[in-house]
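Engineer: Just need the structure, nothing else, for what follows:
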Amino acid sequence: MVFLSFVYRFVTNFAFLAVVYFSLNFMEKYPNRAILAILVLVYTAMRAASTLRAFYFFQKIEKLEAETKRLQAPINDGSGGTTARKQIVADVARLRRDGELKSYMDLFFLALIVLLCVANIVRQ
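Structural biologist: As a prediction, this is how the structure comes out:
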């Protein structure tokens with residue numbers, strides 16, 4: 001499932017890039033193309049802000065992971081629930097790492113879309 005989530009994220013970002021590319025290249029009149037490019041830039045800026053906010057969230061989760069590991073160390077005296085807690089912390093760490101990778105993927109495609117829009121605005 002993890003691999004499929006990465007594939008899904010890649011396909012949806014690539015589809016958005018393709019839609020922007022074809023939409024901008026099939027516009028004949030410059031004012032229409034510029035308006036569309038500016039609207040896409042606004043949408044891209046909103047998505048980039050959301051993605052950057054997610055990085056702040058992931059940073060806070062990472063601090064919670066470190067604090068949980070620190071607090072769990074003295075408790076690991078052989079009691080029954082420690083393996084379950086260790087598994088939960090490991091799962092959260094994996095989900096955080098996967099979320100960060102997906103966010104990097106989003107930012108990469110958003111940067112490509114920004115370059116595409118700026119190139120189409122500059123081009124007469």
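
Engineer: And the residue most central in space within the chain, which helix or strand is it part of?
Structural biologist: Centroid check for the chain by C-alpha atoms, centre = their mean gives residue 103 as the closest residue, at 1.9 Å. Residue 103 is part of helix 82-122 when elements are defined by DSSP states H and E.

Engineer: helices and strands around that helix, which ones?
Structural biologist: Other helices and strands packing on helix 82-122, by 3 or more C-beta pairs under 8 Å, 6 or more residues apart in numbering; DSSP states H and E, are helix 2-25, helix 30-72. Any C-beta I mention is one placed from the backbone N, CA and C, and that applies to glycine too.

Engineer: With distance to residue 95, mean pLDDT and mean neighbour count as extra columns, can I get those in a markdown table?
Structural biologist: What follows is these, written out as a markdown table (distance: least, C-beta to C-beta, whole Å; pLDDT from 0 to 100; neighbours: other C-beta atoms under 10 Å):
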| stretch | distance to residue 95 | mean pLDDT | mean neighbour count |
| --- | --- | --- | --- |
| helix 2-25 | 9 | 94 | 13 |
| helix 30-72 | 9 | 90 | 13 |
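
Engineer: Switch those helices over to a markdown table, and while doing so, append distance to residue 88 to every line.
Structural biologist: Below are the helices and strands packed on helix 82-122 laid out as a markdown table (distance: least, C-beta to C-beta, whole Å):
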| stretch | distance to residue 88 |
| --- | --- |
| helix 2-25 | 17 |
| helix 30-72 | 9 |
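
Engineer: Out of these, flag the one nearest residue 114.
Structural biologist: helix 30-72 (5.7 Å; C-beta to C-beta).

Engineer: counting contacts, what elements does that closest one pack onto?
Structural biologist: If you count contacts as 3+ C-beta pairs under 8 Å, 6+ apart, helix 30-72 packs onto helix 2-25, helix 82-122.
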